[in-house]
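Chemist: Take a look and give me a structure for this.
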Amino acid sequence: MKKLLIIALTSLLLASCGSTTTDDTNTKTYEWNQFKINVPKAWTQVESKELPTVNNGKVELALTSTEITAWFANNLVIISEDLQDTTTSIKYSNTNYIRTTWSVQEYVKLNEEEFKFSDEDSSKLYTFEAKYNSQTPKRKFIQTAKICNKKAYLLTIGINLDNTWVSKYETLLKSFTCVTEATKK
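Modeler: Here you go, the predicted model:
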């Protein structure tokens, strides 16, 4: 689990590329085998060769804005982990939060709140500032987790510190839904 967090934060830093101004409020739906989520239309997918290898889990999706501010682009990383035990989205989110506070530098909790996905599944949403390590700049992160069957998804959005419009990113995270055989039809 700790490695997943480190990979998520690393992926956020690696996803910092692009060069034009975009509007993060105009969205499209991305759908994969086991989930779908609304994302900004202008964001682009990060190539797998640019992502670190994940030992315990898998980077399912990494997207980055094409707009760069202070050498950083807003971005989204979704990492999955197969679960052995049954848990809930809220419990997984809480556990990940505790591990986050141990594994980053200059951690500052900005907000913790109850969070409901569009399908009414409850979780926790954490907004915090942190540095991945002493060489990286401090960023703001918005993070939650969702369980789909026996798979956990850790959803992390990284934005610049001066970005105060957190609610638009919360809306993106709320759109995350599990895709099952029944919902594919």
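
Chemist: Quick check: bridge partners of residue 141?
Modeler: Going by DSSP bridges, residue 141 is paired in beta bridges with residue 128, residue 158.

Chemist: Parallel or antiparallel, which strands does the strand ranked longest in the chain pair with?
Modeler: Longest strand in the chain, counting residues (DSSP state E): strand 105-116. Each strand paired with strand 105-116, and its direction, by DSSP bridges: strand 122-131 (antiparallel).

Chemist: buried sites along the partner strand?
Modeler: Applying a neighbour-count criterion of 16 or more other C-beta atoms under 10 Å, one finds 123, 124, 125, 126, 127, 128, 130, 131 buried in strand 122-131. (Glycine included, C-beta is placed from N, CA and C.)

Chemist: which residues touch that strand?
Modeler: Defining contact as C-beta atoms under 8 Å, 6 or more residues apart in numbering, one finds that strand 122-131 is touched by 9, 88-90, 92-94, 97, 100, 104-117, 137-146, 161, 166, 170, 173.

Chemist: counting contacts, what elements does whichever helix or strand residue 146 is part of pack onto?
Modeler: Per DSSP states H and E, residue 146 falls inside strand 139-148. Applying 3 or more C-beta pairs under 8 Å, 6 or more residues apart in numbering; DSSP states H and E, we find strand 139-148 packed against helix 2-14, helix 89-103, strand 122-131, strand 151-159, helix 166-174.

Chemist: Can you tell me which of the ones you listed is packed in deepest?
Modeler: Burial of the helices and strands packed on strand 139-148 is given as mean neighbour count (mean count of other C-beta atoms under 10 Å); strand 151-159 ranks first at a mean of 24.

Chemist: Could you list the low-confidence segments of this protein?
Modeler: 1-25, 52-56, 69-71, 181-185 (pLDDT under 70).

Chemist: Closest one of the buried residues of strand 122-131 to residue 81?
Modeler: Distance to residue 81, by C-beta to C-beta, is smallest for residue 123 among these, at 15.0 Å.

Chemist: Quick check: bridge partners of that closest one?
Modeler: residue 115.

Chemist: next one: the strand holding residue 146 to chain centre, how far?
Modeler: Put simply, strand 139-148 sits 5 Å off its chain's centre (C-alpha atoms, centre = their mean, to the nearest Å).
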